[in-house]
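Asks: With the sequence up front, the predicted model follows.
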Amino acid sequence: MERLVTGLNSNKIVMPTNVSFEDRNRVRQVVYYGRVSSEHEAQLSALANQMQWYDDQTTYHPNWNVINKYIDEGITGTQAKKRPAFMRMLADAHEHKFDLIVTREVCRFARNTVDTLVVTRELKNIGVEVYFVNDNIWTMDGDGELRLSLMATLAQEESRKTSERVRAGQKISRDKGVLYGNGNILGYDRVGSTYVINPEQAETVRMIYDFYLKGYGFTKIAHELIKLHRRDASGFVKWDCTKVSRVLHNATYMGYKCYLKSFRNNYLDQKSIINRDESTHMYVKGDFEPIIDEDVWYLCKEMREKKCKERGVKNGKVIKNGNRNSTDIWVKKAVCKCGCHFRKDKWHRNKSGLTYGYICYNVANNGSKSSYLKAGIQDTEGHCDIGVIADWKFNMMAYYIFQQFSLNTEEIKREMYSFYEQHDITAPVDEETIIRNLNHTIQKEKNKIENLTDMRVGGELSKEEYLARKEKISVNITKLEKEIDEIRRRGLTKKIVTDKKLTSQELFELLEAELDFTQPKIKEGLIDAFVNRVTPRTSLEFDWYLNLFPHSDSNEEYKEIMSFKIEYNDAHSYREKCGAILRKNQFRDLIVHVYA
């Protein structure tokens, strides 16, 4: 809060130029500066006392002509830029409205040594002196800056000690399980030092968790809540992704109080840092009734983390972004020969309905190889030339592949069942991939230690808590490093058993219930179970890799089991079954290679 008390004449003062700065009995144009660090009643009373004290000073100095009084209420002194009255006073000083600033003591002026010296030097250069009454420091004196720097250092040290006392108090509050915040939390009403469930709001919270478990994203949940006219904590039917995210992140709903979600970078800047590393949060069981079961909350937490993808490391911190997994079967299965996945786009609409096309992300983001060549650019390394592939072509190829199996379905079922029953499938694992994954996990653990160190420096953690958590993480790092050494020492001679996609019984039941290849569109469950991936060589030639037998993803372990061509008559017949029309000039023959 800023308070400005203006004298009778606040116009610009014409400062005399023929006076000696050493003459303190000359007529001075004076302003007072006062500050209290909080708006508590005791502090405001202290401010009133400061103002009375300044008035008394005026009677002791008849040569002082008081122009203004600048007062900052409820504001810390560690940063000058956060004090509006102080900044206004500096602006007025540059306009030469006064030549003397009187303040009671150095700690009222600033608790930051750098700010104190920089500001007083700046004022001195424009002919404005600062007088610290209790410390008897005049900044125009020869030893004024030396004495000021000593006093400012003491004031800064006092600020550091105050910050430590505050953090120690917070630690005691956490140990006692004190409830933070004003109680404006959806689902609860704060009664004294605890929470009481608000039945109507609690139902909204449960809806959010139920929607999320069903696979709804934050945006869709927000839209559903608006449709249902559910009110937020402020009583408004107003929802967005941020509000939904806060509910799903809040451990209060499972009956816990969560601490260390943010911390200050240091006692001078006082910048609040959000602690996004949830592994360093402190959870304390509360004395209030939960709205959501712990199992449900942690399941949603696991789902949230799976939807985040690590995009890299910046300043030693892992950067994560949302990773939306498409539910489209061909987005999941189609992989371009350049290694990129495909994006599903609306292509065009005709009498048959809306048609979708799949485009390689490499082409979509960087342009096609042919477009570079047309522009006269010969360096096309890394560019792809696969065109857009219509969705019905993927469905048609799947239909004809599974039609081949339907010629002898019973024999296929028996052979696959027997294979799963009789074979213990093992596959060698790439050594470098395992080591790379372990090193990545080690880096994440080291980042946790850096977060803990920041919190320790900021006073959020006691020495004992810091050492205990650091020790636990260090043990994990040592264990992972030993695992890497062991892998390199033994040369990875041990084979690791791969997880079977289906148990033999599950496979048999699936084959019995789902092997119906007569419909033009094969069930997505079958495609998901039996198709590993589809890779186009060109826009007219495709490689299909099937999961008929378990093995690793390397192409060398797949053997070609069939190859066929889909001509216009085949495609025309398929499109007729789908209720669509296909003209001859709209189709070119497709070549399909099948591997298993």
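Replies: Yep, that arrived.

Asks: drop to CA atoms for contacts and neighbour counts, all remaining ones
Replies: Fine.

Asks: which residue ranges form the strands in the stretch 401-550 of the chain?
Replies: Using DSSP state E, counting those that start in this stretch, the strands assigned to the stretch 401-550 of the chain run over residues 426-427, 496-497, 531-538, 541-546.

Asks: Kindly apply the preceding question to the stretch 151-300 of the chain instead.
Replies: 188-191, 194-197, 256-259, 262-264, 272-274, 282-285.

Asks: Is it possible to get the strands of the stretch 401-550 of the chain out as CSV so that each row also shows distance to Asp240, mean pLDDT and mean neighbour count?
Replies: Below are these laid out as CSV (distance: least, CA to CA, whole Å; pLDDT from 0 to 100; neighbours: other CA atoms under 10 Å):
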stretch, distance to Asp240, mean pLDDT, mean neighbour count
strand 426-427, 47, 40, 14
strand 496-497, 45, 37, 12
strand 531-538, 37, 92, 19
strand 541-546, 42, 93, 20
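
Asks: Mind listing what's buried along the strand or helix carrying Met562?
Replies: Using DSSP states H and E, Met562 sits in strand 560-566. Applying a neighbour-count criterion of 16 or more other CA atoms under 10 Å, the buried positions in strand 560-566 are Ile566.

Asks: What helices and strands are in contact with it?
Replies: Helices and strands touching strand 560-566, by 3 or more CA pairs under 8 Å, 6 or more residues apart in numbering; DSSP states H and E, are strand 590-595.

Asks: Next, count neighbours for the residue lying closest to Trp330 once chain neighbours are set aside.
Replies: Closest residue to Trp330 apart from its sequence neighbours, by CA to CA, 6 or more residues apart in numbering: Phe394 at 7.6 Å. Using other CA atoms under 10 Å, Phe394 has 16 neighbouring residues.

Asks: Now do the helix or strand harbouring Phe394 and strand 590-595, the angle between them.
Replies: Using DSSP H and E, Phe394 maps to helix 391-406. Interaxial angle, helix 391-406 versus strand 590-595 (axes from the mean of the first three to the mean of the last three CA atoms, to 10 degrees): 50 degrees.

Asks: Select, out of the strands of the stretch 401-550 of the chain, the one closest to Gly376.
Replies: Proximity to Gly376 (CA to CA) singles out strand 531-538 among the strands of the stretch 401-550 of the chain, at 22.3 Å.

Asks: Now do the buried residues in stretch 337-357.
Replies: Neighbour-count burial for stretch 337-357, counted by 16+ other CA under 10 Å, picks out 337-338, 341-344, 356-357.

Asks: so of these, which ones are in strands?
Replies: Using DSSP state E, the subset of the buried residues of stretch 337-357 located in strands is 342-344, 356-357.

Asks: ok, of the residues you listed, which one's closest to Ile561?
Replies: Using CA to CA as the measure, the one of those that approaches Ile561 most closely is Phe342, at 25.7 Å.

Asks: Find the nearest non-adjacent residue to the closest one, please.
Replies: Among residues not flanking Phe342 along the chain, Cys360 sits closest, at 4.4 Å (CA to CA, 6+ apart).

Asks: how far away is that neighbour from Gly127?
Replies: 69 Å (CA to CA, to the nearest Å).

Asks: okay, these two: which has more neighbours?
Replies: More crowded of Cys360 and Gly127, by other CA under 10 Å: Cys360, with 26 against 18.

Asks: Which residues are in contact with the more buried one?
Replies: Counting by CA atoms under 8 Å, 6 or more residues apart in numbering, Cys360 makes contact with 336, 340-343, 386-388.

Asks: Extract the C-alpha trace of the helix holding Phe394 and format it as PDB.
Replies: In PDB, the C-alpha atoms belonging to helix 391-406 read as follows (Å, rounded to 0.1, in the frame of the first residue of the first chain):
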ATOM      1  CA  ASP A 391      -8.000 -44.100 -44.500                       C
ATOM      2  CA  TRP A 392     -10.100 -46.600 -46.600                       C
ATOM      3  CA  LYS A 393      -6.900 -47.900 -48.200                       C
ATOM      4  CA  PHE A 394      -5.600 -49.000 -44.800                       C
ATOM      5  CA  ASN A 395      -8.900 -50.600 -44.100                       C
ATOM      6  CA  MET A 396      -9.000 -52.300 -47.500                       C
ATOM      7  CA  MET A 397      -5.500 -53.800 -47.100                       C
ATOM      8  CA  ALA A 398      -6.400 -55.100 -43.700                       C
ATOM      9  CA  TYR A 399      -9.600 -56.700 -45.100                       C
ATOM     10  CA  TYR A 400      -7.700 -58.600 -47.900                       C
ATOM     11  CA  ILE A 401      -4.900 -59.700 -45.500                       C
ATOM     12  CA  PHE A 402      -7.300 -61.200 -43.100                       C
ATOM     13  CA  GLN A 403      -9.300 -62.700 -45.900                       C
ATOM     14  CA  GLN A 404      -6.200 -64.800 -46.700                       C
ATOM     15  CA  PHE A 405      -6.400 -66.100 -43.100                       C
ATOM     16  CA  SER A 406     -10.100 -66.900 -43.400                       C
END
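
Asks: So which bits of that helix are buried?
Replies: Those buried within helix 391-406 under the rule 16+ other CA under 10 Å are 391-392, 394-403, 406.

Asks: need the contact list for Ile226.
Replies: 237-239.

Asks: Distance of it relative to Tyr216?
Replies: 14 Å.

Asks: which pair in the ones in strands among the buried residues of stretch 337-357 spans the largest distance?
Replies: Within those, Phe342 and Tyr356 form the most distant pair, 12.0 Å apart (CA to CA).

Asks: circling back: wait, which of the buried residues of helix 391-406 is closest to Thr204?
Replies: Each of the buried residues of helix 391-406 was checked against Thr204 using CA to CA; the closest is Asp391, at 39.3 Å.

Asks: didn't the closest one look like it was pressed against Tyr356?
Replies: Yes: in this structure, Asp391 is within contact of Tyr356 by CA atoms under 8 Å, at 5.6 Å.

Asks: Give me the number of neighbouring residues for Cys300.
Replies: Cys300 has 18 neighbouring residues, counting by other CA under 10 Å.

Asks: residues touching it, list them.
Replies: 209, 212-213, 248.

Asks: Might you specify the subset of those residues located within helices?
Replies: Among these, the ones falling in helices (DSSP state H) are 209, 212-213, 248.

Asks: Quick check: the farthest pair among those?
Replies: Greatest spatial distance in these: Leu213 and Leu248, 10.9 Å, computed using CA to CA.

Asks: Compare neighbour counts for those two and give me the winner.
Replies: Leu248 (20 against 14).

Asks: Next, the contact list for the more buried one, please.
Replies: The contact partners of Leu248, taken as CA under 8 Å, 6+ apart, are 208-209, 297, 300-301.

Asks: Report pLDDT for it.
Replies: If you check Leu248, the pLDDT there is 91.

Asks: what about it, distance to Ile221?
Replies: 11 Å.

Asks: Now the common contact residues for the two.
Replies: The contact sets of Leu248 and Ile221 overlap at Ile208 (CA under 8 Å, 6+ apart).
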